[in-house]
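**Q** this is a predicted model, with the sequence first.
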Amino acid sequence: MAVAASLTACSTADSAAPERERLAGEAPSKAAPSTPERRPYTISFGGDVHFEGMLRPRLNNPRTALGPIAGVLRKADLAMVNLETAITTGGTPAPGKQFTFRAPSSALTALKAAGVDVVSMANNHGMDYMETGLADSLAAARKARFPVVGIGKDEAQAYKPYRKIVNGNRVSIIGATQVLDAEFIQAWTAAPGKGGLASAKNEARLIKEVRQARKNSDTVIVHLHWGTELQKCPNEAQLSLAPKLVRAGADVVVGGHAHILLGAGYLDNAYISYGMGNFVFYNSNPATTGRTGVLTLTINGRKVLKDSWTPATIQGGLPVPMTGAARTQAVADWKALRSCAGLSARR
């Protein structure tokens, strides 16, 4: 992965330099401060990840847990997935919930080893083990020094962007979920003084964060959990929210939840991916939920210069990149998905 300096570190260093000069009794330098030259960078996205069922034993060797897809993720300057599980070995399963996912902290080690730089936990499984699971997840992320968006000890932390400077580009990534079980909306949504998830149902709060990020970022990315399970085209909520986020200043909006791939392409000057599908996931059908891949965008500032799709099939819970004629056909199939999404192949 390319080395990327943190915005916080850069801003602290820049502001501290003149102060050091004054303390030393020297006149401030008249030379203009140097700024890194901005060059295009790549960011790769994978879909939904958990480590349940057949995948759990892979955490016995987290360095190789994600298998061959790690080679694709490591090539990008940044890589991101949706972590659809609580990081805990304790807590109480959410009452009445049919599927509850959790994984030990070695899941973060596995993701980091595979080249993943940041995850979103804003999804309908992020608090499957309720408040204890939330506290454990946050503690595990802190201990591992692994960036997580869309979840926090309070509203401010949950909506707070992950920030990195990549090839001179100030990148901000915000995570939120548009999908929450009705009975958990109140309990799971972060609020002032209350831990939880960043909710895209609170559109005003999410849009406020996007506008704020726009002020001091070159690229603003919103990662969403959204869509309708197994529905091949974006639902009304997705089609309504995407343009609002673009108008607020988002350059890229990427997400998933439907367990299948949905269309991706340009909406005005922004890039939208409505559905990344399953990625590292125990349940897959070769014809539908087992179709997956890595979306790689080449970006310079606000411009998405190129999109590239690396198709894969889920085998034994892991995404395995496709080759030959099957790969060519899978790329064509992926491009065809945008026909019902109202997106364009080019800016």
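**A** Right, received. Where do you want to start?
**Q** low-confidence regions, this structure specifically.
**A** Applying pLDDT under 70 to the chain flags residues 1-36.
**Q** go with 50
**A** 2-30 (pLDDT under 50).
**Q** pairing partners for the longest strand along it, with directions?
**A** Counting by DSSP state E, the longest strand found in the chain is strand 303-315. Strand pairing for strand 303-315, using DSSP bridges, gives strand 291-300 (antiparallel), strand 318-321 (antiparallel).
**Q** what about the longest one, distance to the chain center?
**A** Between the centre of strand 291-300 and the centre of its host chain there is 12 Å, according to Cα atoms, centre = their mean, to the nearest Å.
**Q** now do the contacts for the closest residue in space to Pro40 that isn't next to it in sequence.
**A** Nearest residue to Pro40 in three dimensions, chain neighbours excluded: Asn300, at 4.3 Å (Cβ to Cβ, 6 or more residues apart in numbering). Placement of C-beta: from N, CA and C, glycine included. Residues near Asn300 by Cβ atoms under 8 Å, 6 or more residues apart in numbering: 38-41, 169.
**Q** tell me where the stretch 201-347 of the chain has helices.
**A** 203-215, 236-248, 324-336 (DSSP state H, counting those that start in this stretch).
**Q** who are the packing partners of the second one?
**A** Applying 3 or more Cβ pairs under 8 Å, 6 or more residues apart in numbering; DSSP states H and E, we find helix 236-248 packed against helix 203-215, strand 252-256, strand 264-267, strand 270-273.
**Q** which outside residues touch stretch 141-150?
**A** Contact partners of stretch 141-150, identified using Cβ under 8 Å, 6+ apart, comprise 83, 87, 105, 108-109, 111-112, 117-123, 126, 137-138, 140, 158, 160-162, 173-177, 197-198, 223.
**Q** the same query, at a cut-off of 6 Å, please.
**A** Stretch 141-150 is contacted from outside by 108, 118-122, 162, 173, 175-176, 198, using Cβ atoms under 6 Å, 6 or more residues apart in numbering.
**Q** out of those, who's nearest Gln238?
**A** For these, the minimum distance to Gln238 (Cβ to Cβ) is 12.7 Å, reached by Ala176.
**Q** so the closest one sits in a strand?
**A** Yes - counting by DSSP: H, G, I helix; E, B strand; the rest coil, Ala176 falls inside a strand.
**Q** I'd like to know how many residues surround it.
**A** Number of residues near Ala176 (other Cβ atoms under 10 Å) recorded here: 32.
**Q** isn't it right up against Lys208?
**A** No - taking Cβ atoms under 6 Å as the definition, Ala176 is not a contact partner of Lys208, at 11.7 Å.
**Q** ok, and what's touching stretch 192-206?
**A** 122, 126, 134, 150-151, 153-155, 158-159, 176-178, 188-190, 224.
**Q** and if you look at stretch 173-187?
**A** Contacts for stretch 173-187 (Cβ under 6 Å, 6+ apart): 120, 122-124, 149-150, 161-162, 188, 197-198, 200, 206, 209, 221-226, 237, 257.
**Q** run the chain-centre distance for it.
**A** The answer for stretch 173-187 is 15 Å, by Cα atoms, centre = their mean.
**Q** tabulate the CA atom coordinates of it in PDB.
**A** Listed next in PDB are the C-alpha coordinates belonging to stretch 173-187 (Å, rounded to 0.1, in the frame of the first residue of the first chain):
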ATOM      1  CA  ILE A 173     -14.400   8.800   3.800                       C
ATOM      2  CA  ILE A 174     -17.800   8.900   5.700                       C
ATOM      3  CA  GLY A 175     -19.700   5.700   6.600                       C
ATOM      4  CA  ALA A 176     -23.500   5.500   7.200                       C
ATOM      5  CA  THR A 177     -26.300   3.000   7.000                       C
ATOM      6  CA  GLN A 178     -29.700   3.400   5.400                       C
ATOM      7  CA  VAL A 179     -30.700  -0.100   6.500                       C
ATOM      8  CA  LEU A 180     -31.700  -0.800  10.100                       C
ATOM      9  CA  ASP A 181     -34.300  -3.200  11.500                       C
ATOM     10  CA  ALA A 182     -37.300  -1.100  12.600                       C
ATOM     11  CA  GLU A 183     -37.100  -2.400  16.200                       C
ATOM     12  CA  PHE A 184     -33.400  -1.300  16.500                       C
ATOM     13  CA  ILE A 185     -33.500   2.100  14.800                       C
ATOM     14  CA  GLN A 186     -33.600   4.000  18.000                       C
ATOM     15  CA  ALA A 187     -31.300   1.700  20.000                       C
END
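**Q** give me the number of residues near the closest residue to Val149 other than its chain neighbours?
**A** Distances taken as Cβ to Cβ, 6+ apart put Gly175 closest to Val149, at 3.5 Å, once the chain neighbours are dropped. Applying other Cβ under 10 Å, we find 33 residues neighbouring Gly175.
**Q** for Gly175, give its distance to Pro104.
**A** For Gly175, the distance to Pro104 (Cβ to Cβ, to the nearest Å) stands at 22 Å.
**Q** for Ala107, helix, strand, or coil?
**A** Under three-state DSSP, the three-state class of Ala107 is helix.
**Q** and the gap between the residue nearest to it when sequence neighbours are not counted and Trp188?
**A** Once flanking residues are discounted, Ala107 sits nearest to Phe51: 5.2 Å by Cβ to Cβ, 6+ apart. In this view, Phe51 and Trp188 are 21 Å apart by Cβ to Cβ.
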